[in-house]
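> okay, structure incoming, though there's no sequence with it:
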């Protein structure tokens, strides 16, 4: 007990040295035993195969087959068996017929009697057999082979064996080299144990186990305490580490990339098919920013670490800021237009053209557009959005037209946030499609008890047929690179529509025409 306590209280290097010495001793002793047993098994197998080869050779001799047709087969087979036994060094060669009656045996008094061991398996199946059995001359390793006539029918068998005592003596002859080898291995083990102990001390910087455990606890605390999600993957795409924040963002994390319940877009980013920094991905109702960094250990690439940041709230605030900016631009454009008109009216009045001033005021006071818009789109939030987008389109050289079939009675769309997102993104996409060129954007919004139907068409170049589905993938954009995330508007639109049980589609008809269905939210859902 005192020795065990001293070892337990010793330094890590001492404990490792003692443990390795115990392992070396057990390994040498175990290896010696296994080697002896293995050598015995090999010698058994060797003698079995040798016995079988002799038996098959004897069974294949033409004179053996012919002897089975004689009145006294033993007169031919006994001398032949003794000759083979003498020449090959086998301890016995026995020949018997299908009734297991001996025709040849080292003990002539047993000729004509039944075999002491069962040979029915060889006689019944016609297949050779090897193994260890105990017979009249002792325990032997033996091989048995069937004898066939010229038609392939089994007419008897040949059994050849070597005594186990012969095998045992050969094992003992091989022991001295084993002992010297074990001693050499033991000495080498001592030297290697000392080297390994020194190397471990260097690699652990002399830290004791309790200090290493403290560092591990700190690492776990930091890893699971950070707010960003951390996901580690090996070179095969298997998940090797995931912290609490990553589980909260992703939900159920599978064992590898193929089992993760994520979109193809996220799987592409995680797997490296879509490389780059700050990749934006939609996952459920969240907008995530992913960064994938290689992991190098001692100069070798070991895997990847992916960080996930939740930017849902930031994106929402950015969109609200964008909406406020659009409203500001619209007000600025209206103020600029109003100032120009007022200057014109003042000029006409100064020139004494009172009738012309009155006519100009009558023609240019086209609050009629806003009035018509408000009459058709009775939801104030949606109407304000379309009015702001109309001003934004005019500022960029385009004209936004409200289709004749537009009709949104008040109170039918409920919470307007999803409707504003769908309509706003589709109209913004149409404005961007014109890219500052003069053109027309036609918007149709219709609402009833079934939900909201939106159609937005532009006079732009349209969408290539092979990109009809691709435009709805997050991250996809045909716009020039600008600050901030791109390619989210249409993806968010599709996500909102699908979440409500609707859809969004696009076709070309003189330009791109987007149509969307946003079903009404059922009460209690």
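Noted; the coordinates are in hand. Small disclaimer: the values here were computed from a predicted structure and weren't measured.

> from here on, just use CA atoms for contacts and neighbour counts.
Noted.

> for this protein, which helix or strand comes out least confident on mean pLDDT?
helix 2-9 (a mean of 55; mean pLDDT, DSSP states H and E).

> give me the mean pLDDT for stretch 403-411.
In this model, stretch 403-411 carries a mean pLDDT of 86.

> domains in the protein, by residue range?
Residue ranges for each domain of the chain read 14-172, 210-310, 311-365, 373-519, as given by automatic domain parsing.

> least confident of those domains, on average?
domain 311-365 (a mean of 62).

> shouldn't residue 414 be within a strand?
No. Going by DSSP: H, G, I helix; E, B strand; the rest coil, the assignment for residue 414 is coil, not a strand.

> tell me the contacts of it?
520, 521 (C-alpha atoms under 8 Å, 6 or more residues apart in numbering).

> quickly note the distance from it to residue 492.
Plainly put, residue 414 is 19 Å away from residue 492 if you go by C-alpha to C-alpha, to the nearest Å.

> and the residue of the chain positioned farthest from its centre, backbone torsions?
Distance from the centre of the chain peaks at residue 352, with 82.1 Å (C-alpha atoms, centre = their mean). The phi and psi torsions at residue 352 (degrees, to the nearest 10) take the values phi 80, psi 10.

> before we move on, the earlier item: can you add distance to residue 195 and give the domains of the chain back as a markdown table?
Formatted as a markdown table, the domains of the chain follow (distance: least, C-alpha to C-alpha, whole Å):
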| stretch | distance to residue 195 |
| --- | --- |
| domain 14-172 | 9 |
| domain 210-310 | 21 |
| domain 311-365 | 52 |
| domain 373-519 | 55 |
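
> of those domains, which is nearest residue 197?
Judged by C-alpha to C-alpha, the one of the domains of the chain that comes nearest to residue 197 is domain 14-172, at 6.0 Å.

> does residue 513 count as helix, strand or coil?
Assigned by three-state DSSP, the conformation of residue 513 is strand.

> helix or strand for the residue lying closest to it once chain neighbours are set aside, which one?
With sequence-adjacent residues excluded and distances taken as C-alpha to C-alpha, 6 or more residues apart in numbering, residue 513 is closest to residue 457, at 4.1 Å. Element membership for residue 457, per DSSP states H and E: strand 451-458.

> for that strand, packing partners?
helix 417-434, strand 439-448, strand 512-519 (3 or more C-alpha pairs under 8 Å, 6 or more residues apart in numbering; DSSP states H and E).

> what's the angle between the second one and helix 417-434?
What that stands for is strand 439-448. Put simply, strand 439-448 runs at 160 degrees to helix 417-434, going by axes from the mean of the first three to the mean of the last three C-alpha atoms, to 10 degrees.

> also the shortest one?
Inter-element angle recorded for strand 512-519 and helix 417-434: 180 degrees (by the same axes, to 10 degrees).

> returning to that earlier point: sheet partners, orientation included, of the strand holding residue 457?
Sheet partners assigned to strand 451-458 using DSSP bridges are listed as strand 439-448 (antiparallel), strand 512-519 (antiparallel).

> buried residues in the last one?
Looking back up the chat, that one is strand 512-519. Residues of strand 512-519 classed as buried by neighbour count (16 or more other C-alpha atoms under 10 Å): 512, 513, 514, 515, 516, 517, 518, 519.

> before we move on, the earlier item: dump the residue contacts of the residue nearest to residue 513.
430, 441, 442, 443, 511, 512, 513, 514.

> repeat that for residue 16.
Residue 16 makes contacts with residue 197, as judged by C-alpha under 8 Å, 6+ apart.

> beyond the longest helix belonging to the chain, next helix or strand please.
The residue-count maximum for a helix in the chain (DSSP state H) belongs to helix 12-59. Sequence-wise, the next helix or strand downstream of helix 12-59 (DSSP H and E) is helix 62-67.

> ranges for the strands of the stretch 151-300 of the chain?
Per DSSP state E, counting those that start in this stretch, the stretch 151-300 of the chain carries strands over the ranges 154-163, 229-234, 239-242, 279-283, 286-297, 300-310.

> just checking: what are the partner strands of the fifth one?
Using DSSP bridges, the strands paired with strand 286-297 in its sheet are strand 279-283 (antiparallel), strand 300-310 (antiparallel).

> wait, which of these is closest to residue 97?
Evaluated over the strands paired with strand 286-297, closeness to residue 97 peaks at strand 300-310, with 67.7 Å, by C-alpha to C-alpha.

> what's the neighbour count on the closest residue to residue 425 other than its chain neighbours?
Excluding its sequence neighbours, the residue lying closest to residue 425 (C-alpha to C-alpha, 6+ apart) is residue 489, at 5.4 Å. Neighbour count of residue 489, defined by other C-alpha atoms under 10 Å: 25.

> got the phi and psi for residue 489?
Dihedral angles (degrees, to the nearest 10) for residue 489: phi -60, psi -50.

> how near is it to residue 430?
Taking C-alpha to C-alpha, one finds residue 489 at 11 Å from residue 430.
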